[in-house]
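K.L.:
Provided below are the primary sequence and the corresponding predicted coordinates.
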There are 2 protein chains.
Amino acid sequence: MLEVINFAEKFGRFSSLWEPKVVAEMNDYQFKLVKVKGEFVRHQHDDTDEVFIVLEGTLHIDFEHERKSLSAGEMIVVPKGVNHRPSAENECHILLVEPSGVVNTGDAGGDLTAPNDAWI
Amino acid sequence: MLEVINFAEKFGRFSSLWEPKVVAEMNDYQFKLVKVKGEFVRHQHDDTDEVFIVLEGTLHIDFEHERKSLSAGEMIVVPKGVNHRPSAENECHILLVEPSGVVNTGDAGGDLTAPNDAWI
């Protein structure tokens, strides 16, 4: 395997929003690229922390009592069980790190639930 | 907690080479920033995969039979048990993702073994 994964090249392969695309697996964790724009559904993951790394653009995450904004070159750990709603005014490219099998909408479900384990 | 971690700001806080600095923990995994230049020791991690994400500069990884070179915006998964030697001609900034407790020199040990769990 030993594949060098180029994020820009991978992002060039899809245009859908809020649909995580798996690019790598490390032990039982996955690295997923996501294009986001607009507001996502408020949700939480009760069983795991989740890492957001912003590669391009600006991502907002609204927690219960505060908003955090991340630019390219910044990351945040959303602890398990912590309710959050990601959003972005303009298209933003992010890298998610989380255990394999995590569903994007967590406990909320709904229309924005993306196919899981979608590799690109 | 909910700390927004800015990689450039964190890199500004240290100058040592080949000494991973922990910036975040997700479940039982850690995110570590490392400045590298020159040749590291050839080693392997028998118990875990390891992810290298290049944030600035160019990183070479010499495997048994091939060299992979990564630029900013690229990542690679080094599978567990796979022998590798990282190197960089010029200073290169990388983000490592691996389970807490992983020692930088793996099975090789030696002078380049850095203090573990060094947060910054």
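P.N.:
The structure has been received and is ready for your questions.
K.L.:
now do the contacts for the residue most central in space within chain A.
P.N.:
The centroid of chain A falls nearest to residue A:96 when counting by C-alpha atoms, centre = their mean (4.2 Å). With contacts taken as C-beta atoms under 8 Å, 6 or more residues apart in numbering or on different chains, residue A:96 has the following neighbours: A:20, A:31-34, A:50-53. Where you see a C-beta, it was placed from the backbone N, CA and C, and this is true even at glycine.
K.L.:
what pairs with the longest strand seen in chain A, parallel or antiparallel?
P.N.:
Taking DSSP state E as the criterion, chain A has its longest strand at strand A:85-99. Sheet pairing here is set by DSSP bridges, and for strand A:85-99 it gives strand A:29-39 (antiparallel), strand A:50-56 (antiparallel), strand A:58-62 (antiparallel).
K.L.:
tell me which of those is the most buried.
P.N.:
strand A:50-56 (a mean of 22; mean count of other C-beta atoms under 10 Å in any protein chain shown).
K.L.:
can you give the distance of that strand from its chain's centre?
P.N.:
Going by C-alpha atoms, centre = their mean, to the nearest Å, the spacing between the C-alpha centre of strand A:50-56 and its chain's C-alpha centre is 7 Å.
K.L.:
which residues of chain A score low on pLDDT?
P.N.:
When residues are selected by pLDDT under 70, none of them lie in chain A.
K.L.:
repeat that for 80
P.N.:
Residues of chain A that meet the criterion pLDDT under 80 lie in A:1.
K.L.:
sorry, back to before: for the residue nearest to the centre of chain A, name its beta-bridge partners.
P.N.:
residue A:32, residue A:52.
K.L.:
look up how far chain B lies from it.
P.N.:
11 Å (C-beta to the nearest C-beta, to the nearest Å).
K.L.:
now do residue A:63
P.N.:
Residue A:63 is 6 Å from chain B, where distance means C-beta to the nearest C-beta.
K.L.:
if we can go back for a sec, for the contacts of residue A:96, work out which two are farthest apart.
P.N.:
Pairwise distances across these peak at 14.5 Å for A:33 and A:50 (criterion: C-beta to C-beta).
K.L.:
residue A:3 belongs to a helix?
P.N.:
No. Residue state for residue A:3 (DSSP: H, G, I helix; E, B strand; the rest coil) corresponds to coil; a helix is not indicated.
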